[in-house]
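>>> after the sequence you'll find the predicted model.
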Amino acid sequence: MREDKKMSIVTERTGSPKAKPKAEDYGFGRFFSDHMFTADCSSDLGWHSPRIVPYRPLELDPGAAVLHYGQTIFEGLKAFHGVDGKIRLFRPEMNWKRLEASADRLCMRAPDLDLFMEGVRHLIRTDRDWVPTQDGTALYLRPTLIGTESFLGVRPADEYLFYVIASPVGSYYGDGLASVKIWIEREYSRAAPGGIGAAKTGGNYAASLKASVAAKKRGYAQVLWTDAGRHEFVEEVGTMNVFFVIGDAVVTPALSGTILPGVMRDSTIGLLRSWDVKVEERPVALRDVLEAHGRGELKEVFGTGTAAQISPVNELGADDGSYKIGDGGVGPLSSRLYTHFMDLNYGRIEDRMGWLSEVR
């Protein structure tokens, strides 16, 4: 097998630029920029043919591995237009590391760091005028890796496509930092020990849909996932990692193989500790959370993720009743975290952690 080598990126610009939507219409993932980045991988050539092309449908053989055996993983990161006119990415190397780990779990061949980073950056440079400038908005990047080899025997593919698409976005839930209601899920499971819960793969999200739809019918924004064995321990909230402010400590489930290692999770823990806030990473029993609520010690609950950044929770719902969190609004720590990350991403404060990567 030939080793991957540095390659120049060929650019094919669109002859029919799209009309750009208004910021108030963005929503999340509804519109896509004019171009996309793609690169191919084969056992003979390694990664090759990196290119920027007009945004268009993919051509896939009906026997492609992604369609039959679910060899698909993806990442999500944002490009922010700073108040100084600079465009910045938030910790993109961590997204690559997670893509590489997800690829290993699904027996896929991931692009190296240089190809990943140049693909993302080159697409941003090409579609720079798609990076929104309004506060609370960003250009969301979706790097994706799929198995494209056509075969029907059950084995890993030998051919892959890596592509990156971009979408101007506003708030994930459409209400900025407004808090949301969450349903405690005790029937369906997102992931099981020894499975693929720590990989950012399409199958995990497919497994979450039925519970999410049911929660929304009850009037809840998302679900609080519990362990697949006895539904006794908290794992994630919706598509995010979850944090509880209990007494004087911030508690979050430890990474156990069933929980996605979020970039925002890691960043939130690091930021809180830099503020001398006590953070505990450990198994979190649902019973302990509800008992803390009963004692008046459950002060805040919030989720963290690239899409929503910080998502405060104002209520936990269950068959046996609901549990109001705080005064039903946004808690002080959630607000402080959200403001800090927004100020950081838009260049309003100094990047003391070295988390930002400028796109020149």
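Thanks, I have the structure now.
>>> and the contacts of stretch 125-139?
Judged by CB atoms under 8 Å, 6 or more residues apart in numbering, the contacts made with stretch 125-139 from elsewhere in the structure are 11, 13, 20, 23, 26, 33-35, 52, 78-81, 87, 124, 166-171, 176, 342, 345-346, 359. No exception for glycine: its C-beta is placed from N, CA and C like everyone else's.
>>> can you say which of these are buried?
Buried positions within those, assessed by neighbour count (16 or more other CB atoms under 10 Å), are 26, 33-35, 52, 78-81, 87, 124, 166-171, 342, 345-346, 359.
>>> in the lengthiest helix in the chain, what's buried?
Within the chain, and with DSSP state H defining each element, the longest helix by residue count is helix 202-217. Of the residues in helix 202-217, 202-204, 207-208, 211-212, 215 count as buried by neighbour count, 16+ other CB under 10 Å.
>>> below-threshold pLDDT in the protein: ranges please.
For the chain, residues meeting the criterion pLDDT under 70 lie at 1-7, 173-176.
>>> swap the cut-off to 80 and go again
Low-confidence segments of the chain, defined by pLDDT under 80, are located at 1-7, 171-177.
>>> walk me through the domains of it.
The chain resolves into domains spanning 10-169, 180-345 when parsed by automatic domain parsing.
>>> out of those, flag the one nearest residue 354.
For the domains of the chain, proximity to residue 354 was assessed by CB to CB; domain 10-169 is nearest, at 9.3 Å.
>>> how about residue 243, secondary structure?
strand (DSSP: H, G, I helix; E, B strand; the rest coil).
>>> now it. Nearest residue, chain neighbours left out?
Here the nearest residue to residue 243 in space, its sequence neighbours aside, is residue 252; by CB to CB, 6 or more residues apart in numbering that works out to 4.7 Å.
>>> likewise residue 322?
Skipping the residues right next to it in sequence, residue 322 comes nearest to residue 315 by CB to CB, 6+ apart, at 5.5 Å.
>>> circling back: in strands only, show me the contacts of stretch 125-139.
11, 35, 52, 78-81, 87, 166-169, 359 (DSSP state E).
>>> which of these lies closest to residue 157?
residue 52 (24.3 Å).
>>> dig out what the closest one forms beta bridges with.
Under DSSP bridges, the beta-bridge partners of residue 52 are residue 11, residue 37.
>>> how about the helices in the stretch 1-150 of the chain?
Listed from the start of the chain, the stretch 1-150 of the chain has helices (DSSP state H, counting those that start in this stretch) covering 65-69, 92-105, 113-126.
>>> neighbouring contacts of the first one?
This means helix 65-69. Taking CB under 8 Å, 6+ apart as the criterion, the residues outside helix 65-69 that touch it are 60, 71-72, 146-152, 154, 156-157.
>>> among those residues, the buried ones, what's the ChimeraX command?
Here is the ChimeraX selection string for the buried members of these, based on 16+ other CB under 10 Å:
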select :71,72,146,147,148,149,151,157
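>>> could I get the contacts of helix 65-69 in TSV, plus columns for distance to residue 261?
Listed next are those as TSV, based on distance: CB to CB, whole Å:
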residue	distance to residue 261
60	30
71	20
72	19
146	22
147	23
148	27
149	28
150	33
151	31
152	33
154	28
156	23
157	25
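>>> tell me which two in the contacts of helix 65-69 are the farthest apart.
Taking every pair in the contacts of helix 65-69 and measuring CB to CB, the maximum separation is 18.6 Å, between 60 and 154.
>>> show me where the stretch 251-360 of the chain has helices.
In the stretch 251-360 of the chain, the segments counted as helices under DSSP H, counting those that start in this stretch are 263-274, 286-294, 332-345.
>>> make a markdown table from these and add distance to residue 220 to it.
Rendered in a markdown table, the data for the helices of the stretch 251-360 of the chain read as follows (distance: least, CB to CB, whole Å):
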| stretch | distance to residue 220 |
| --- | --- |
| helix 263-274 | 22 |
| helix 286-294 | 16 |
| helix 332-345 | 18 |
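>>> nearest to residue 236, of the ones you listed?
Residue 236 lies closest to helix 263-274 among those, at 9.6 Å (CB to CB).
>>> then that closest one to PDB, C-alphas only?
Output in PDB follows, covering the C-alpha atoms of helix 263-274 (Å, rounded to 0.1, in the frame of the first residue of the first chain):
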ATOM      1  CA  VAL A 263     -14.900  18.600  22.000                       C
ATOM      2  CA  MET A 264     -17.100  21.000  24.000                       C
ATOM      3  CA  ARG A 265     -17.200  18.600  26.900                       C
ATOM      4  CA  ASP A 266     -13.400  18.600  27.100                       C
ATOM      5  CA  SER A 267     -13.300  22.300  26.700                       C
ATOM      6  CA  THR A 268     -16.000  23.000  29.300                       C
ATOM      7  CA  ILE A 269     -14.200  20.800  31.900                       C
ATOM      8  CA  GLY A 270     -10.900  22.600  31.100                       C
ATOM      9  CA  LEU A 271     -12.500  26.000  31.400                       C
ATOM     10  CA  LEU A 272     -14.300  25.300  34.600                       C
ATOM     11  CA  ARG A 273     -11.100  24.000  36.200                       C
ATOM     12  CA  SER A 274      -9.300  27.100  35.100                       C
END
